[in-house]
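Undergrad: Show me how the following folds:
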Amino acid sequence: MQEKILSIKAKLILEKGIIFTGKTIGIEGEIAGEIVFNTAMTGYQEILTDPSYHSQIISFTCPHIGNVGTNKKDEESNKIHASGIIIKSISTINSNLYSTQDFSQYIIKNKIIVISEIDTRKLTRILREQGSQYGCIQTNRYINKKNAFKKIKSAKEKSKKNVPMSQGTKIIHIWDIKKTKTTQIKKIFHVVVYDFGIKTSILKILQKKGCKITLVPFDTSAKTILSLHPSGILLSNGPGDPRSYLVSIKNVKKLLNYSVPIFGICLGHQILALSLGSKIIKMKFGHHGSNHPVQNVSTKKVFITSQNHNFTIDPDTIKKNMLITHISLFDKTIQGISLKNHPSFSFQGHPESHPGTNDIQELFNIFINNMLNRENLYA
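TA: Numbers count the residues shown, from 1 in each chain. Prediction:
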């Protein structure tokens with residue numbers, strides 16, 4: 001692949017044959033992957049660096065991307081995880097006190113293939129009507145329809161191999177960011193995180209609430225988790241089909257035999273449900289954005305939330321010891337569950353809300369209270 005700063009021709013080929021012609025100011029090359037559209041109007045850098053988007057091509061419905069530039073503070077991991085980007089218009093200038101690099105330079109530095117100046121509204125309608133599908137972005141000398149379909153076929157076959165796509169830590173280690181002040185609570189809780197590809201903002205929130213954090217790989221045994229003496233266990237967000245994380249599901253099932261509180265987020269929410277015996281189904285085009293209304297079933301309170309998932313719990317497989325706590329007001333899919341006989345719960349969206357409003361951050365307080373109640377019980 002060769003870097004190009006000047007705008008050059010690019011094409012987006014969908015698996016069902018529709019072709020869009022546009023331009024790119026990223027690098028030259030070709031990339032295939034599942035296309036998902038994100039409806040957030042802000043936070044493009046947080047979205048691109050979210051490990052949950054690993055190997056996917058993100059299409060932004062917001063027509064103008066890049067106007068606030070980029071900076072290290074807004075990154076949710078140490079790299080862009082999306083394999084490609086689809087944009088209507090890329091801003092050539094940025095206006096932001098904290099910007100250290102413009103968006104065009106940022107995507108070139110990270111070696112990401114981009115197509116812009118296409119009709120993203122039309123693309124979104126296609127995905128909504130026909131369902132999620134794979135596509136291939138090709139630039140300039142790489143443009144070849146026959147090769148595009150080969151790339152798409154290869155990407156689809158790879159996704160069906162039922163292999164976990166975890167982008168989390170490979171070793172057990174304590175996480176810490178200096179200069180993060182502990183607030184709200186003086187008690188130090190030890191949270192062990194199954195790291196499937198966790199966002200940095202989640203870790204920052206836990207640390208501010210008085211938590212010592214240990215990150216462990218997705219396949220860490222229940223025995224090892226318990227040997228770390230956790231106050232609570234967090235099942236993080238991450239990429240891929242939750243049904244492929246068989247080892248993680250097996251270990252969470254074992255951990256539910258103990259009294260340690262568990263909090264699942266996004267992929268972690270689905271893994272908790274699978275460990276309880278529920279089934280997971282793939283959605284038509286998923287939920288991706290920072291403007292999704294979710295309702296608490298018992299209080300009827302509505303929260304505006306950040307979402308990023310292609311799978312959901314099959315409501316017909318909810319078990320007797322489970323409660324549905326939250327539902328989506330877009331399509332009534334399950335957004336939250338809790339256990340009747342265990343201090344564990346989970347949420348489908350992203351309660352850290354980066355990007356997005358902080359409406360649903362109260363879930364972290366529930367996790368803290370569950371850990372506090374357990375420690376008071378055994379004090």
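Undergrad: so which strand or helix has Asn291?
TA: Using DSSP states H and E, Asn291 sits in strand 280-296.
Undergrad: how about the helix or strand that that strand is followed by: buried residues?
TA: Going down the chain from strand 280-296, the next helix or strand is strand 302-313, by DSSP H and E. The neighbour-count check on strand 302-313 (16 or more other C-beta atoms under 10 Å) flags Phe303, Ile304, Thr305, Ser306, Gln307, Asn308, His309, Asn310, Phe311, Thr312, Ile313 as buried. C-betas here are computed from N, CA, C, even on glycine.
Undergrad: Which residues outside the helix or strand following strand 302-313 are in contact with it?
TA: Next along the chain after strand 302-313, taking DSSP H and E as the criterion, comes strand 322-328. Residues outside strand 322-328 that contact it (C-beta atoms under 8 Å, 6 or more residues apart in numbering) are 273, 276, 278, 287, 292-298, 303, 315, 318, 333-340, 345, 347-348.
Undergrad: Which among those residues count as buried?
TA: Applying 16+ other C-beta under 10 Å to the contacts of strand 322-328 flags 273, 276, 278, 287, 292, 294-296, 303, 318, 333-339, 345, 347-348 as buried.
Undergrad: pLDDT averaged over stretch 208-221 - what is it?
TA: The average pLDDT for stretch 208-221 rounds to 97.
Undergrad: oh sorry, the question was meant for stretch 285-303
TA: Mean per-residue pLDDT for stretch 285-303: 97.
Undergrad: What of stretch 307-327?
TA: For stretch 307-327, the mean pLDDT works out to 97.
Undergrad: then it to CSV, C-alphas only?
TA: Only the C-alpha atoms of stretch 307-327 are listed here, as CSV (Å, rounded to 0.1, in the frame of the first residue of the first chain):
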residue,chain,number,x,y,z
GLN,A,307,-24.7,1.6,21.1
ASN,A,308,-22.4,-0.7,19.0
HIS,A,309,-23.6,-4.2,18.5
ASN,A,310,-24.9,-6.6,15.8
PHE,A,311,-26.3,-9.2,18.2
THR,A,312,-29.1,-9.4,20.8
ILE,A,313,-30.6,-11.8,23.3
ASP,A,314,-33.4,-14.0,22.0
PRO,A,315,-36.3,-12.9,24.2
ASP,A,316,-37.9,-16.4,24.0
THR,A,317,-34.8,-17.9,25.8
ILE,A,318,-34.9,-15.7,28.9
LYS,A,319,-34.6,-18.0,31.9
LYS,A,320,-36.6,-18.0,35.1
ASN,A,321,-33.7,-16.6,37.2
MET,A,322,-33.3,-13.6,34.8
LEU,A,323,-35.0,-10.2,34.7
ILE,A,324,-35.2,-7.9,31.7
THR,A,325,-34.2,-4.5,33.1
HIS,A,326,-33.9,-2.4,29.9
ILE,A,327,-35.3,-2.4,26.4
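Undergrad: Show me how far it is from its chain's centre.
TA: Centroid displacement of stretch 307-327 relative to its chain, using C-alpha atoms, centre = their mean, to the nearest Å, is 17 Å.
Undergrad: and the residue nearest to Leu123 when sequence neighbours are not counted, what are its bridge partners?
TA: Closest residue in space to Leu123, ignoring its immediate chain neighbours: Ser59 at 5.7 Å, by C-beta to C-beta, 6 or more residues apart in numbering. When bridges are called by DSSP bridges, Ser59 pairs up with Phe37, Ile86.
Undergrad: picking that back up, paired strands for the strand holding Asn291, with orientation please.
TA: Using DSSP bridges, strand 280-296 pairs in its sheet with strand 302-313 (antiparallel), strand 322-328 (antiparallel).
Undergrad: wait, what's in contact with His342?
TA: Leu256, Ser259, Ile262, Asn321.
Undergrad: Now with 7 Å, please.
TA: Neighbouring residues of His342 by C-beta atoms under 7 Å, 6 or more residues apart in numbering: Leu256.
Undergrad: just to revisit the earlier point, go through the strands paired with strand 280-296 and name the closest to Gly66.
TA: Across the strands paired with strand 280-296, Gly66 has its closest neighbour in strand 302-313 (20.3 Å, C-beta to C-beta).
Undergrad: what does that closest one rub up against?
TA: With C-beta under 7 Å, 6+ apart as the test, strand 302-313 has contacts from 50, 52, 132, 241-242, 266, 270, 273, 278, 280-283, 286-295, 329, 333-334, 348-350, 353, 355-357, 359-360.
Undergrad: What's the PyMOL line that selects buried ones from these?
TA: This is the PyMOL syntax for the buried subset of those, where burial follows 16+ other C-beta under 10 Å:
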select buried, resi 50+52+132+241+242+266+270+273+278+280+286+287+288+289+290+291+292+294+295+333+334+348+349+350+353+355+356+359+360
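Undergrad: now the strands paired with strand 280-296 in CSV, with distance to His190?
TA: Listed next are these as CSV, based on distance: least, C-beta to C-beta, whole Å:
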stretch, distance to His190
strand 302-313, 27
strand 322-328, 25
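Undergrad: For the residue nearest the centre of the chain, which three-state class applies?
TA: The centre of the chain sits closest to Ser52, judged by C-alpha atoms, centre = their mean, with a distance of 3.3 Å. Assigned with DSSP: H, G, I helix; E, B strand; the rest coil, Ser52 falls in the helix class.
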